[in-house]
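Participant: Quick one, structure for this:
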Amino acid sequence: MELIRGLHNLKKQPGCVLTIGNFDGVHLGHQELLIKLVSKSKKMGLPSLVISFSVTPETFFGRPKARLSSFRNKHLFLKSLGVDKHLLVRFNKSFSEISAASFINQILVQKIGIKHCFIGDDFRFGKDRLGDFSMLKNASDENNFTIEKINSVLLDGRRVSSSGVRGLLSEGDFISAEKFLGRPFSISGKVAHGEKLGRTIGFPTANISIHRKLSPVLGVYSVLIKLKSKTYNGVCNVGKRPTLGGIKTLLEVFIFDFNKEIYGEYVTIIFKQKCREEEKFESFEALKKQIKKDVEKSKLFFQSNIS
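Facilitator: Residues are numbered from 1 along each chain as shown. Here you go, the predicted model:
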């Protein structure tokens, strides 16, 4: 799959089948849309193109949301579904001021060469979000392209959405979140050097760089750790470590029955159970006692959930 960073790097396209969105988490609703996109592009003999944003509109307008997936994971998921091209647009002041009409005429028609477009049922675009399905439909008749609206996916009577997944994760409902995503919720990243305080109390942790100012999960969790071809059990903390005066949100994981150096390795943390909220303890010794309890709770969880 070709990655195109910015409209300025996009060469004029001879035609494409297009969809636009954040695709955060690439949940079941996204997957249904993307499968239809790829199928339609093959039938029309045109490349499939996904437009997403490196800075989301919500973040630009001061309403940032916790990201469900890193750019790397989202890009790889799009690739696995068979998408041909991924255009990554930086949502900035100049982009936010493009009118809906100009977005259609100058970008979709002239630059991208749109021939068919799939959009979600809540899609809005252009300055002040004035563009919608009706506007695109009218433009399609004038510019020789077709448009198709994809309705939301419902699961157990609930609309599948990125916001819905965030809500389930905040509640610690990983079973329902897995249903919405079509896979277990996970965070991936490289193991980085930390302060190595855990090993002084018998709980050496691997520190994962998550590159998120806001995390959809915060607290202590029972987790699976995928490292290369193996999977391990463990317990992790996602938060700012208030007992230690932390400022930055970190993911630290203690891997059971494991004593190898894995700095620089790429690992995937799969969340299975929430143990508790992160809290500030009166002393390092009190924190150590609680970690022992967290480890015991997680080991019992895995013993009772052996598949």
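
Participant: what sits up against the lowest-mean-pLDDT helix or strand in the chain?
Facilitator: One helix or strand of the chain scores below all others by mean pLDDT, DSSP states H and E: helix 57-60, with a mean of 84. Helix 57-60 is contacted from outside by Pro64, Lys65, Phe91, Asn92, Lys93, Ser96, using Cβ atoms under 8 Å, 6 or more residues apart in numbering. C-betas here are computed from N, CA, C, even on glycine.

Participant: Mind doing that once more with 6 Å?
Facilitator: If you take Cβ atoms under 6 Å, 6 or more residues apart in numbering as the criterion, helix 57-60 is touched by Lys65, Phe91.

Participant: Repeat that for stretch 122-138.
Facilitator: By Cβ under 6 Å, 6+ apart, stretch 122-138 touches Glu97, Ser99, Ala100, Phe103, Ile147, Lys149.

Participant: Show me what counts as buried in the helix or strand hosting the fifth one.
Facilitator: Assigned by DSSP states H and E, Ile147 belongs to strand 146-150. Buried residues in strand 146-150, counting neighbours by 16 or more other Cβ atoms under 10 Å, are found at Ile147, Glu148, Ile150.

Participant: re earlier: flag every buried residue along the least confident helix or strand of the chain.
Facilitator: For helix 57-60, the neighbour count (16+ other Cβ under 10 Å) marks Thr59, Phe60 as buried.

Participant: I'd like the average pLDDT over the strand holding Ile147.
Facilitator: Averaging pLDDT along strand 146-150 gives 92.

Participant: Relative to the next helix or strand after it, what are the paired strands and their orientations?
Facilitator: Following strand 146-150 in sequence order, the next helix or strand is strand 154-155 (DSSP H and E). Partners of strand 154-155 in the sheet, by DSSP bridges, are strand 158-159 (antiparallel).

Participant: got a list of contacts for the strand it pairs with?
Facilitator: Residues contacting strand 158-159 (Cβ under 6 Å, 6+ apart): Ser152.

Participant: tell me the contacts of Gly120?
Facilitator: Gly120 touches Ile150, counting by Cβ under 6 Å, 6+ apart.

Participant: What does the pLDDT read for it?
Facilitator: So, for Gly120, pLDDT stands at 83.

Participant: Quick check: it vs Glu252, distance?
Facilitator: Between Gly120 and Glu252 the distance is 36 Å, computed by Cβ to Cβ, to the nearest Å.

Participant: can you check His193 too?
Facilitator: For His193, the distance to Glu252 equals 12 Å [Cβ to Cβ].

Participant: So for these two, which residue has more residues nearby?
Facilitator: The neighbour comparison of His193 against Glu252 (other Cβ atoms under 10 Å) goes to Glu252, with 21 against 8.

Participant: Show me what that one is bridged to.
Facilitator: Glu252 forms beta bridges with Asn207, Asn237, as assigned by DSSP bridges.

Participant: Where does pLDDT dip in the stretch 51-200 of the chain?
Facilitator: 194-200 (pLDDT under 70).

Participant: Can you list the residue ranges for strands in it?
Facilitator: 85-90, 114-120, 146-150, 154-155, 158-159, 186-192 (DSSP state E, counting those that start in this stretch).

Participant: how distant is the last one from the center of its chain?
Facilitator: In other words, strand 186-192. In terms of Cα atoms, centre = their mean, to the nearest Å, the centre of strand 186-192 is set 13 Å apart from its chain centre.

Participant: and what of stretch 159-172?
Facilitator: 12 Å.

Participant: One more: stretch 260-272?
Facilitator: The answer for stretch 260-272 is 18 Å, by Cα atoms, centre = their mean.

Participant: Pull up the distance across it, start to finish.
Facilitator: 23 Å (Cα to Cα, to the nearest Å).

Participant: can you pull the buried residues of that stretch?
Facilitator: Using 16+ other Cβ under 10 Å as the test for burial, stretch 260-272 gives Val267, Thr268, Ile269, Ile270, Phe271, Lys272.

Participant: Just the mean pLDDT for the longest helix anywhere in the chain, thanks.
Facilitator: Criterion DSSP state H: the longest helix present in the chain is helix 284-304. Confidence over helix 284-304 (mean pLDDT, whole number) is 90.
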